[in-house]
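J.: what would the 3D arrangement of this be:
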Amino acid sequence: MTEQRAHPPTPLPQLDGVLVLDKPTGPTSARCVAALKRLGQKKIGHAGTLDPLASGVLLILLGQATKLSSFLMEGGGKVYRGCLRLGQTTDTWDSQGEVMAEAPWQHVAPEDVARDIASWTALTEQPVPPYSAAKHEGQPLYRLARRGRTAPAKTKAVKISQAAALEVSLPFVRFRVACGSGTYVRSLAHSLGMRLGCGAVLTELTREYSHPFGLGEATGLDALVADPALLAARVRPLADALPAWPRLLLTREQERRVRNGMALPVSAVDSGDAARDAGHALLCAADGTALALARREMTPLGDAWAVARGLW
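T.: Just a heads-up that it's a prediction; the model follows:
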């Protein structure tokens, strides 16, 4: 019999929209993007990196949706479920790093751990992990760390709205935290260990929610690679990614003007109170297709919707 060789899947046409990916533990976010790129998606990116240790919601931006990244990050609240282990300190602040120190944890009371985690909501800044994509003099910190170079310690502003211990079974602690975009959860674990005097590392992390999508809407990477046709079925329209942006339906003439980058007088568009109060809107064709993100500004036309980002 002639040996049958598996043929690579036929590349899909370029899609426009947001894929809610359930990232597995192990690969980097970039590797997940690369796997989907091989399915014909040359214009592709993501919003909100997940470390290799982490799993869960990773928003993959396809085609015109790549233009939404900064807007998604701007108001992108996230929810994580995680587990940390007391008694260790690593160079990466998670269990995948090299152990730098070990210390007894038996003196720590479970109620102290729960109280410390609940106090995360009072934090306004946190240290940036030395192994991270944050940059010093144009170089990512992880690259400098791998070369043995020590960069100045960095901190960043954070906003944490909810934090709670779910299970305290020392030395392991399971928790859930709701926070703003850019929060390093392994930094929260590391700082807790420092305060308790025994060290701590993050051992598990799942992103349950990345505004505006939850884990229940996500599709696994293996399923998508095995059945590329599933990708087209799971891509969400651009407008779904910005539910807080009021949608304004345009006439054909208004659509033509927007495609030419021209502002539209507020008085000429049926804006509604929600859009006028918000000061921003998603301009859509008559069929609901997203055309542009617009801000309300004073222009030579007067009070107008000015194109902030075209989506064509």
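J.: residues in contact with stretch 237-250: which ones?
T.: Contacting residues not belonging to stretch 237-250 are listed as 16-18, 59, 64-65, 68, 71-72, 75, 212-213, 258, 264, 269-272, 274-275, 278, 280-286, 288-291, 293-294, 305, 311 [C-beta atoms under 8 Å, 6 or more residues apart in numbering]. C-beta here means a position set from N, CA and C on the backbone, and glycine is covered the same way.
J.: list the buried ones in stretch 184-196?
T.: The neighbour-count check on stretch 184-196 (16 or more other C-beta atoms under 10 Å) flags 184-193, 196 as buried.
J.: return the distance of it from the chain's centre.
T.: How far stretch 184-196 lies from its chain's middle: 21 Å, per C-alpha atoms, centre = their mean, to the nearest Å.
J.: hang on, the earlier thing: inside strands: which ones of the buried residues of stretch 184-196?
T.: Among the buried residues of stretch 184-196, DSSP state E puts none in strands.
J.: wait, what's in contact with E208?
T.: 56-57, 79-81, 176, 214-215.
J.: got a ChimeraX select line for the buried ones in those residues?
T.: The buried subset of these, as determined by 16+ other C-beta under 10 Å, is captured in ChimeraX by this line:
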select :56,57,79,80,81,176,215
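J.: pLDDT of stretch 100-114, averaged?
T.: If you average the pLDDT over stretch 100-114, you get 97.
J.: quick one on the thing from earlier: now, among the contacts of E208, which is nearest to L123?
T.: Of all the contacts of E208, the one with the least separation from L123 (C-beta to C-beta) is Y80, at 14.7 Å.
J.: next structured bit after the longest helix anywhere in the chain?
T.: For the chain, the helix that runs over the most residues, judged by DSSP state H, is helix 185-196. Using DSSP states H and E, the next helix or strand after helix 185-196 towards the C-terminus is strand 200-210.
J.: re the thing from before, of the contacts of E208, which is the nearest to D94?
T.: Of these, the one sitting nearest to D94 (C-beta to C-beta) turns out to be Y80, at 12.8 Å.
J.: how near is C284 to L293?
T.: 11 Å (C-beta to C-beta, to the nearest Å).
J.: run a quick neighbour tally on P104.
T.: P104 has 11 neighbours, counted by other C-beta atoms under 10 Å.
J.: shouldn't it be within a strand?
T.: No - going by DSSP: H, G, I helix; E, B strand; the rest coil, the assignment for P104 is coil, not a strand.
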